[in-house]
Structures are given as structure tokens and as C-alpha cells.
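Colleague: With the sequence up front, the predicted model follows.
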Amino acid sequence: MKLRTLFRNLSLVTMCLVFLAAGAHAQRPGSGVPRQEKLLNGLKVLMWSDPAASDVKVSIRVHSGSAFDPQGKEGVMKLLAENIFPTPVSRSFFSEDLNGNLEVISNYDYIQINASGKASEFLTLFETLAEAVSNPTIDKETTAALKKSLTEQLVRLEKDPDYIAEHAALKRLFGTFPYGRPQMGSVESLERIDFADLLFAKERFLSADNATVAITGNFNTDLAFRAARRYFGAWLKSEKRVPPTFRQPDAPDARPLEMVVQGASPQSSFVLRGVARNDPDYFASMVLADILKDRSTKIPGVRSIAHHARVLPGFVMVNFSGSTGFPFNLLGDRITDAEFSRARSQVAADFGKRSLMDQWLDVDTYRTTVAGDNLALQNLTVADVQRLAGRLAKNPIASVLIRPATSAQ
């Protein structure tokens, strides 16, 4: 053990010396295009070096999410994400020892770990992430603890009328299609999951050739690439990549689904099919959603309007206070030049706030390009948005009406 520790320390010193000697090869600070490398195991590495920064940020994205949960065992991919850093101690290390932070994100499309630390602790940060992601410990005890914690969250959520209405509407629209099933799972589905399910998901999806590592901050790219080969080089490839192909859902039942929820106020949720993230109409959908939000301020009872674009065609959801019908004029009214100009400026501003790391990670998740996104938004016209509104207006709508339980019930 002492020899191993000595060898590790000598290796870290050597790599630090390489870092100091290789400064001339660092990438130009502020460059929008990263240095891109790929390891023999298929892992893609993106690097932006900025010697003026005080810290280093690393994001690791696994390009598979809860869409791949087995039917009836929803929550597997959420638990797999939580299992990467399963304890408070493993997470507090980043703040207490590295003066940084850790965030684990999971959704239908991907699992992403965002971590940061002092620039002087870059190698420690990198090695810690590599060990956790490439070889997580999955056992009965850890799985049971993660299930307990997630179940406690879901017990609270499944009593929330908003959560009930939205997920009932999505199930009504999509059925057993991935987006019709809860991303976090349900109390019932979690009971069916054991650690063997997480091991199976790890083997299928948590693999080097299904992931991208992005690094930005005060580090040397040559050193980082050597570190990536050293720490991530043993991460296994998957035997076979699993493509995101699913049978498309049937048309939903057009009749409103009425539900009685204890303690709820009357409310309604409406949902219809939207577009995918890599659809040519993606930015038209974002501009249209912004226009609808603005119009909704003039319609009494509208609580929220959101468009969710994913790997597969997503959805548009409208929530109301009270039991009401869907206001079709939201999609049917002609879009004015003033509406379009304001909304496109807002979408461009919001999209521009996204980090370069996330924009480039999206390239691998959604099969897009950063330049293509910028060009599509720049060339967007009011006619494109009007055409999409007409297209969406023809989609069937699933609706859920929530009303409170009475004393007689």
C-alpha cells in the first residue's frame, strides 16, 4: 500500500511538471471552439483552457437518460445517476476539500455530473470523477439507501396536485412511450427495482463510448489529455450501443380525464406533441412558446406554458387554474411581426446564456452542431413560426381536469 501511494504521488508530481513545461500549448483563452480528443475506448474529451480563471470545471455527460428505464421499473436511470456519488460524504468532498461544488443532473435524455474545484486541485478533481463514473460501487445496501431517499421525495410529490395533473396528462398523451412515464419513477415502480437492475443499466449505458467529458478553466490541455488517458483510459466500452428508438404512441383519448384529488383546487392540464431537439423547427418552437407565454397573460387562469424538446419529439403543456377548455386561439391567431421580433430576441438572449460546455455536450446528445444552432436561430422567420403553429394545432390534445374531493366522497 505504501509503495502504491508513493508511486501515485510521484506520478502526480511528474504530471504537474509536464503542466508547467507545456504552457505554450494551452488553448487561447475565450475560444469558442474547444480542443477535441478521443480516447481509444471511445470517450470524447472537450477542453477550453483559460489561464486567467481561478478554478476548473468538469462536466461528464452520459448520453442516455430515463427514456431507457425498463417498463414497470421507472426510476432505474435516476437511481444509477444518484449511485455515482451516493453519500453526503462523497459529495461534500468537492466543497470541503477542493473548494468547489458537485451537481448531478438526470433527465429523460442524459445523466450529467458537473464538478468544480481550485485550479491547483485539478488532478485530484479529475481522478475523483473518473473513479466514481467509470467504476461506481453498486450493491444491495447502497441501492436500498438510494431507493429509500428517492421514495421519500416521491411520496411528497405524488400528493402534489400539480405533479398529479401534469403526469396524468403526459400518460394520457404518450401512454407507455418514455415521456408518458415518470422520469424519477413512482413509489410503486421503485419497489420493483433491485441492485441487479442498476448493474444491468450500468453495463448498457454507463460506458466510455456513450459519454463526453468537457473541461474549462485554468488548466493545461496537454496535461488534461494525459490525465484523461490515465484516469479514464480503463473505462470500458459498451458491447453494443442502444439507440433511442421506441414505438411511437397511439393517438390519445380525446375525452378529458377527470380526477378527484384530496385538498386540490380545480385545475386543468393540456398537453400535445411538440418537436425534438434536433428538429429543424426547434427554434421556431422556442419562439412560439415565448409568444404563447406572452399571449397567456391576457387569458384568465393560465398558470404556465412550456415546451419541452428532447431526443425524441417532446411536448407542449398548458396549465390552467380552474376547469376549462383549451383556448385554441393560442395557436390559431396570426403571429405579428412585433410578437416575433420580441420573442426571437428573448430566445436568443436566453440561449446565449447557456455555457459553451452545455452547448457542445448537446452536440453529442442531440446530434446537433453549435454553428448550425446559431445559424438556424439567425435565419428564423415569422413564417417559420406561423407554419409550426399550424402544424402543432393539428396535433391531438390530451387533457386532465382536477377537482377537489367533497365531504360526501
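Modeller: Yes, it's here. Numbering: from 1, shown residues only.
Colleague: Find the residue at the geometric middle of this protein.
Modeller: The centre of the chain sits closest to N107, judged by C-alpha atoms, centre = their mean, with a distance of 4.4 Å.
Colleague: distance of that residue from E141?
Modeller: If you measure N107 against E141 using C-beta to C-beta, to the nearest Å, the figure is 27 Å. In short, each C-beta sits where N, CA and C put it, glycine included.
Colleague: Over to I305?
Modeller: 44 Å.
Colleague: Check the spacing between the nearest residue to N41 once chain neighbours are set aside and S64 real quick.
Modeller: Nearest-residue entry for N41: A208, 4.0 Å, with adjacent residues in sequence omitted and distances by C-beta to C-beta, 6 or more residues apart in numbering. Taking C-beta to C-beta as the measure, A208 and S64 are separated by 13 Å.
Colleague: Ranking helices and strands of the protein by mean pLDDT, which lands last?
Modeller: Least confident helix or strand, the chain: helix 2-21 with a mean of 42, by mean pLDDT, DSSP states H and E.
Colleague: Give me the mean pLDDT for the helix or strand following that helix.
Modeller: Downstream of helix 2-21, the first helix or strand assigned by DSSP states H and E is strand 35-38. Throughout strand 35-38, pLDDT has a mean value of 97.
Colleague: May I have whichever helix or strand comes after strand 35-38 as PDB, with CA atoms only?
Modeller: For strand 35-38, the following helix or strand on the C-terminal side (DSSP H and E) is strand 44-49. Only the C-alpha atoms of strand 44-49 are listed here, as PDB (Å, rounded to 0.1, in the frame of the first residue of the first chain):
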ATOM      1  CA  LYS A  44     -14.700  12.200 -26.200                       C
ATOM      2  CA  VAL A  45     -12.900  15.000 -24.400                       C
ATOM      3  CA  LEU A  46     -13.500  18.700 -24.900                       C
ATOM      4  CA  MET A  47     -11.200  21.300 -23.500                       C
ATOM      5  CA  TRP A  48     -11.200  25.100 -23.100                       C
ATOM      6  CA  SER A  49      -8.200  26.500 -21.300                       C
END
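Colleague: starting at the chain centroid, how far to strand 44-49?
Modeller: 20 Å (C-alpha atoms, centre = their mean, to the nearest Å).
Colleague: Run through the neighbouring helices and strands of that strand.
Modeller: strand 35-38, strand 211-217, helix 221-232, helix 356-366 (3 or more C-beta pairs under 8 Å, 6 or more residues apart in numbering; DSSP states H and E).
Colleague: residue ranges with poor pLDDT in the stretch 251-400 of the chain?
Modeller: Applying pLDDT under 70 to the stretch 251-400 of the chain flags the ranges 323-330.
Colleague: Show the residue spans covered by the helices in it.
Modeller: Assigned by DSSP state H, counting those that start in this stretch, the stretch 251-400 of the chain shows helices spanning 282-296, 329-332, 337-352, 356-366, 370-379, 382-393.
Colleague: R247: which of the ones you listed is closest?
Modeller: Closest to R247 of the helices of the stretch 251-400 of the chain, according to C-beta to C-beta: helix 356-366, at 20.9 Å.
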